[in-house]
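Q: From the sequence below, what's the structure:
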Amino acid sequence: MEQTRRALTRLVHRGPDEEGKVFGDHWALGHRRLSIIDLRASHQPMASPDGRHLLVYNGEVYNFTELRERLGGAWEFRTAGDTEVVLAGLVLHGPRFLEDMEGMWALALWDRDERRLLLSRDRMGKKPLYYRTAGRRFACASELPALSVLDGTAWREDVDSTADYLRYGYYLPGTTAYVGVREVLPGHWLDWSPGREPRERRYWTLPVGGFEGSRDRACEQLRETLERAVDRRLVSDVEVGAFLSGGVDSSLMVALQTRRSGAAPKTFTIGFSESSYDERRHARLVARRFATDHHEGVLDQWDADRLQELVLNNVGQPFADPSLLPTALVAELAGRHVKVALSGDGGDELFSGYQRYQARAILRWYTRLPPGMRRSLEGVLRRLPEPVAHHSRSLLKKVHLFLDTAGRMEAETPYVAPLMYTQSDFRALAPELTDRGHRAPGLPQACDGDDIQRMMVSDALIYLPQDILLKVDRASMAHSLEARAPFLDREVVELAFRLPRTWHRRGFSGKRMLHESVGDLIPAGIWKRRKQGFGVPVGQWFREGLAAEFSRLTQDTQSPLARPELDRMLGEHRSGRRDYGLRLWKLYVYMLWHDHISHGVQP
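A: Residues are numbered from 1 along each chain as shown. Presented below is the predicted three-dimensional model:
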């Protein structure tokens, strides 16, 4: 009982509005609620009328009204929200009902009579769910720190997962930084009962290819599908705002939200004091276009205390994407005004927006050059000077990324986006872990013959849930804000990947189908500007105050990282000979986490 209460305390940021818990014979269920729909009812844990089944559930099922009508004859509803619809559907139809649910969720359904537990996550992995099992003992929670409290045992570092993190900057699906601690896979459900190992089964597979129809019809269908996706995510009993970066994806969401709701939303942007990273002027252009109630904040330096809080108390394991910090800041800003915000997450993965896709086409040509010609070209490219500019305009960074990617492609290393180290780099950095790591999950066979499509599918099924969606969930929920992503509506996702991959790209430009379908909704200048991403000036930080903190951790850590290699990378970075900013950040976050667990501090 005490462990359950303490775990709920660790989750108060995810649900500050209400706490609920039920205790039984050797079992307990607990829930923290962020009230969005049916504010005065829909309390959790929610029991079936006969008391046999109990549900705890985090997320939103956007088509709950249609599902409720379908179930109405077999269930007498007592509440007006989506929670009871999920409970009724699972009780009446079992896991098959998951196939009909559209939205984001992590849920646990306990059958008191059969002593059987059902867990599930949404298709794209927007909501987290971790678990640990040992014999007749089972614990699960939305975040690792809460699970650690429930489990009550000392957790150990999983060195195979550490090898994955050093390669990719995140953990592969299903794994965590800890031995024996797992996550439920997106698009899966898990079945467990005391004394039996959990069984995990897939309820959804990403369809690739097979669209039948003209390009014009595809554009019409895509626009209609995006409009429905936004409509679903505007259903709320509280105000819905929007993140606005000034890029294509968030701008489109603001445009669609304004058109579909008939009112301009509150919008939220974070800028940087470093001008080459700052996108506020582009966000202001969109905000003026749609007359939004616009709010801005600024990140002017690295924030060690905030980073430590996010990594140790929200993520609970190393996380290498430095945009976690500005994402948390924009969520904090938004959370002062609204409880729900739309985001543009998923647009790059679904519509071929990343620059690495166009680089892949160039690599096809490059790797076919004779060895002598390649060596000569590489020598010239590596001697190019580094311009003082934002990373998206930095020629040398792109050159080295290009050359490193070419080496991996030639070695036929499987693509799990985005890899930062060649094998020789990895061997110098962590020799003990060179041959360690988990096997990346397989991808749908339909994309085997097209390397760019494989990249897009890998990004959607691995990089998106393990990096982008994890970042947005932890950063937003740390400030009790629910982020909704219309691009990740099931209809939108399935349509995007059924379309021919060549329709998404023209020359070096991606997002062609998106442009042809809804391009008229936002200013032309937003489409024409260079893709920037949510970049963070970590390179500059490691030439300033963060260098001293990195050196301190290098001295103190007992991690498997090779100290001479750490010193070399920092020295070359500070001298300006190489730009190791993102790699140093990844290592810094890992050492920060390792320093805590090596002193017995649990997540």
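
Q: Show me how the record splits the protein into domains.
A: Under automatic domain parsing, the residue ranges defining each domain of the chain are 2-202, 215-351+447-502, 536-603.

Q: From start to finish, how long is the last one in a straight line?
A: Right, domain 536-603. Terminal residues of domain 536-603 lie 26 Å apart, using C-alpha to C-alpha, to the nearest Å.

Q: One more: the longest one?
A: The separation between the terminal residues of domain 2-202, taken as C-alpha to C-alpha, is 34 Å.

Q: now do stretch 47-55
A: End-to-end distance for stretch 47-55, by C-alpha to C-alpha: 6 Å.

Q: Can you get me the start-to-end distance on stretch 115-127?
A: For stretch 115-127, the separation between the terminal residues is 25 Å (C-alpha to C-alpha).

Q: now stretch 479-493
A: 28 Å.

Q: How about stretch 131-147?
A: Stretch 131-147 has its terminal residues 7 Å apart, counting by C-alpha to C-alpha.

Q: and that stretch, what's its mean pLDDT?
A: Mean pLDDT, stretch 131-147: 94.

Q: What residues sit buried inside it?
A: Going by neighbour count (16 or more other C-beta atoms under 10 Å), the buried part of stretch 131-147 is 131-133, 138-147. All C-beta spots, glycine's among them, are computed from the backbone N, C-alpha and C.

Q: need those residues in CSV with distance to residue 603, can you?
A: Below are the buried residues of stretch 131-147 laid out as CSV (distance: C-beta to C-beta, whole Å):
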residue, distance to residue 603
131, 14
132, 12
133, 18
138, 19
139, 13
140, 15
141, 11
142, 13
143, 9
144, 5
145, 5
146, 9
147, 8
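
Q: Dump the residues you listed to TSV, plus secondary structure.
A: Formatted as TSV, the buried residues of stretch 131-147 follow (DSSP: H, G, I helix; E, B strand; the rest coil):
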residue	secondary structure
131	strand
132	strand
133	strand
138	strand
139	strand
140	strand
141	strand
142	coil
143	coil
144	helix
145	helix
146	helix
147	helix
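
Q: Among the residues you listed, which one sits closest to residue 233?
A: Taking C-beta to C-beta as the measure, residue 142 is the one of the buried residues of stretch 131-147 closest to residue 233, at 20.4 Å.

Q: Could you double-check that that closest one sits in contact with residue 58?
A: Yes - between residue 142 and residue 58 there is a contact under C-beta atoms under 8 Å: 5.6 Å.

Q: Identify the contacts common to those two.
A: 14, 106, 127 (C-beta atoms under 8 Å, 6 or more residues apart in numbering).

Q: list the contacts for the first one?
A: Neighbouring residues of residue 14 by C-beta under 8 Å, 6+ apart: 32, 34, 58, 142-143, 477, 480.

Q: Can you give me the end-to-end span of stretch 60-80?
A: Length of stretch 60-80, first residue to last, C-alpha to C-alpha: 13 Å.

Q: Show residues contacting it.
A: Here stretch 60-80 has contacts from 36-38, 41-42, 49, 81-82, 84-86, 88-89, 92, 100-105, 232-233, 235, 482, 484, 489, using C-beta under 8 Å, 6+ apart.

Q: pLDDT score for the nearest residue to residue 597 once chain neighbours are set aside?
A: Nearest residue to residue 597, sequence neighbours excluded (C-beta to C-beta, 6 or more residues apart in numbering): residue 157, at 6.5 Å. Per-residue pLDDT puts residue 157 at 95.

Q: Can you give me the neighbour number for residue 157?
A: Using other C-beta atoms under 10 Å, residue 157 has 17 other residues around it.

Q: From residue 176, how far off is it?
A: In this view, residue 157 and residue 176 are 10 Å apart by C-beta to C-beta, to the nearest Å.

Q: circling back to that earlier point, from what I can see the residue nearest to residue 597 touches residue 602, true?
A: No - judged on C-beta under 8 Å, residue 157 makes no contact with residue 602 at a distance of 12.0 Å.

Q: quick check, distance from stretch 183-194 to the centre of its chain.
A: Offset of stretch 183-194 from its chain centre (C-alpha atoms, centre = their mean, to the nearest Å): 19 Å.

Q: Stretch 202-217 now?
A: Distance, stretch centre to chain centre, for stretch 202-217: 23 Å (C-alpha atoms, centre = their mean).

Q: what comes up buried for it?
A: For stretch 202-217, the neighbour count (16+ other C-beta under 10 Å) marks 204, 206, 208, 211 as buried.

Q: Just say helix, strand or coil for the first one.
A: Secondary structure, three-state DSSP: residue 204 is coil.

Q: hey, what's residue 132 bridged with?
A: Note on residue 132: beta-bridge partners residue 139, residue 181, judged by DSSP bridges.

Q: what comes up buried for the helix or strand hosting residue 548?
A: In the assignment (DSSP states H and E), residue 548 maps to helix 546-556. By neighbour count with 16+ other C-beta under 10 Å, helix 546-556 contains the buried residues 546-547, 549-550, 553-554.

Q: Which neighbouring elements make contact with the helix or strand just after that helix?
A: Downstream of helix 546-556, the next assigned helix or strand under DSSP H and E is helix 563-575. Helix 563-575 sits against helix 423-429, helix 546-556, helix 581-597, with contacts defined as 3 or more C-beta pairs under 8 Å, 6 or more residues apart in numbering; DSSP states H and E.
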